[in-house]
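In: fold the stuff below for me.
(one chain, ligands or ions: 1)
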Amino acid sequence: MKLKIGVVGLGIGQVHLRYYQKMPEVELAGVVDTNPDILNQVSRDFSVRPFSSVEQFIREAKPDGVSLCTPPASHLPLSRILAKAGIHILCEKPMAPTAADCEKMIEICQRNKVFLMLGFKKRFSPTYQFLKENFAGEFGPAKWLLAKFALGRVTKKWFWEEKDGGGPIMENTVHMVDLLHFLVGKVELVFAVGGNLFMPEFAPQIDTAIFTLRFTSGAIAGVGAGYASEWGFAREELSFATEKVAGQVSDAFDRPEKLEYIFRSKPAEVYQKRFENSDGFEGEIRHFIECVKNGTEPVVNGEHGLAALKLCQAVKKSIRQGKPVLLNKD
Ligand SMILES: NC(=O)c1ccc[n+]([C@@H]2O[C@H](COP(=O)([O-])OP(=O)(O)OC[C@H]3O[C@@H](n4cnc5c(N)ncnc54)[C@H](O)[C@@H]3O)[C@@H](O)[C@H]2O)c1
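Out: Next comes the predicted model:
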């Protein structure tokens, strides 16, 4: 029998739909959006039944799983409704505007025995999966990392509101923060500088930051992030060094296709690789469906969403206080 899957929120939700549509084991059970124009357009484009509320969708379509792709302030109230109806959730990042909301989401999903997977697509990027495997193997652990992850202009109001998207650091840098958790581990110290440098219309929201991290392993990282680019030019770069290898991932923003590296023992030879589907979206959607089909826990969940949110909050706190912030002190 096919799995009945729906999408709530039809901005980036349309990308989720595109991948679900390609999967023979999935029946698109419905789409939900509070904006009737978007709802009707997407319903026509994907030949899927439209619903103007999550409650009506649950009642009439009885889905097994849902991609929750609305702005972050709505993630807690909507996941409460979905979890109580026994529906598994793939929640877009950032998980919610506050740690308290994230903790409530984790508790509600556990209590109702549904999965709460987080949409941290970079964990499913074959480029970064190659690095993860090799940091645990031939390359040895990463000890030094430098990320450039500056995005183009976003003017959606909710994106900038402290009680919703929380600005570019919460909304977007959270992807890089989760990737660093995935590749390196827990962070114990953050020191950030930044502020509202480019978007006075959204002041005092922080729009850009440069920050350093020290991991509990002793590894160190630097990250340049926020609205410091434009879409026609935005790049994603992650340089790294281990005891044995130095290398760099690079290409267009959210498309980290290219990897180059060199073994310190063979300095004349530069290795190069290219990876397809490097944004990780397809792997993320496939993983969610596998989990719902087989009843297996997602590899990325609410705890990861909460940890990434806390680190983004620490970056903003460090900027506002002008001093380092300690994390994971227990
Ligand atoms: N993983 C990624 O690469 C990626 C990319 C973009 C956005 N996102 C995340 O996805 C979420 C949505 O971002 P977006 O860019 O698609 O936003 P958007 O504003 O383009 O779209 C959100 C949609 O949700 C609808 N909506 C709002 N509240 C609703 C509710 N209560 N019930 C039903 N529909 C509702 C809106 O009408 C709108 O159509 C955010 O959390 C964002 O960070 C992730």
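In: strands of the stretch 51-200 of the chain, start to end?
Out: Applying DSSP state E, counting those that start in this stretch to the stretch 51-200 of the chain gives strands spanning 65-68, 88-91, 116-118, 144-150, 187-195.
In: give me the nearest residue to the residue of the stretch 1-150 of the chain found nearest the ligand, chain neighbours excluded.
Out: In the stretch 1-150 of the chain, the residue that lies nearest the ligand is G11 (2.2 Å; C-beta to the nearest ligand atom). (C-beta placed from N, C-alpha, C; glycine too.) Of all residues not flanking G11 in the chain, C69 sits nearest, at 6.6 Å (C-beta to C-beta, 6 or more residues apart in numbering).
In: doesn't Y20 make contact with that neighbour?
Out: No: contact criterion C-beta atoms under 8 Å: C69 and Y20 do not qualify, at 11.8 Å.
In: name the residues contacting each of these two.
Out: Both C69 and Y20 are in contact with V7, where contact means C-beta atoms under 8 Å, 6 or more residues apart in numbering.
In: circling back: in this structure the residue of the stretch 1-150 of the chain closest to the ligand contacts V42, no?
Out: No: counting by C-beta under 8 Å, G11 does not reach V42; the two are 9.9 Å apart.
In: which of the two has more neighbours?
Out: V42 (21 against 15; other C-beta atoms under 10 Å).
In: how about the more buried one, secondary structure?
Out: Secondary structure state of V42, per DSSP: H, G, I helix; E, B strand; the rest coil, is helix.
In: helices or strands up against the helix or strand encompassing V31?
Out: Assessed by DSSP states H and E, V31 sits inside strand 26-32. If you count contacts as 3 or more C-beta pairs under 8 Å, 6 or more residues apart in numbering; DSSP states H and E, strand 26-32 packs onto strand 3-8, helix 13-21, helix 36-46, strand 50-51, helix 54-61.
In: strands paired with it, and their directions?
Out: Applying DSSP bridges, strand 26-32 is found paired with strand 3-8 (parallel), strand 50-51 (parallel).
In: tell me which of the ones you listed sits most buried.
Out: Mean neighbour count (mean count of other C-beta atoms under 10 Å) peaks for strand 3-8 among the strands paired with strand 26-32, with a mean of 25.
In: that older thread, now do the residue nearest to G11, the pLDDT please.
Out: You'll see C69 listed with a pLDDT of 98.
In: around it, how many other residues sit close by?
Out: Applying other C-beta under 10 Å, we find 23 residues neighbouring C69.
In: same check on Q56?
Out: Look at Q56: counted by other C-beta under 10 Å, it has 12 neighbours.
In: now for L118: which residues touch it?
Out: By C-beta under 8 Å, 6+ apart, the residues touching L118 are 90-91, 93, 95, 178, 298, 300-302, 304-305, 308.
In: who does it bridge with?
Out: L118 has these beta-bridge partners by DSSP bridges: C91.
In: Q248 contacts A241, doesn't it?
Out: No: between Q248 and A241 there is no contact under C-beta under 8 Å: 9.9 Å.
In: list the buried ones in the host helix or strand of A221?
Out: A221 is part of strand 220-226 when elements are defined by DSSP H and E. Within strand 220-226, the residues that qualify as buried are 220-221, 223-226, counting by 16 or more other C-beta atoms under 10 Å.
In: contacts for stretch 174-189?
Out: Contacts of stretch 174-189 (C-beta under 8 Å, 6+ apart): 93-94, 118, 120-123, 128, 131-132, 135, 141-142, 145, 147, 149, 213-217, 219, 221, 223, 225, 238, 300, 304, 307-309, 311-312, 315, 324-329.
In: for that stretch, C-alpha coordinates in CSV please.
Out: Extracted C-alpha coordinates of stretch 174-189, given in CSV (Å, rounded to 0.1, in the frame of the first residue of the first chain):
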residue,chain,number,x,y,z
VAL,A,174,21.4,27.2,11.0
HIS,A,175,22.1,24.9,8.0
MET,A,176,25.9,25.5,8.3
VAL,A,177,25.7,25.2,12.1
ASP,A,178,24.0,21.8,11.9
LEU,A,179,26.5,20.7,9.2
LEU,A,180,29.4,21.5,11.6
HIS,A,181,27.6,19.6,14.4
PHE,A,182,27.3,16.6,12.0
LEU,A,183,30.9,16.8,10.7
VAL,A,184,32.7,17.7,13.9
GLY,A,185,30.5,17.4,17.0
LYS,A,186,29.5,19.5,20.0
VAL,A,187,30.5,23.1,20.3
GLU,A,188,31.7,24.5,23.7
LEU,A,189,32.5,28.2,22.9
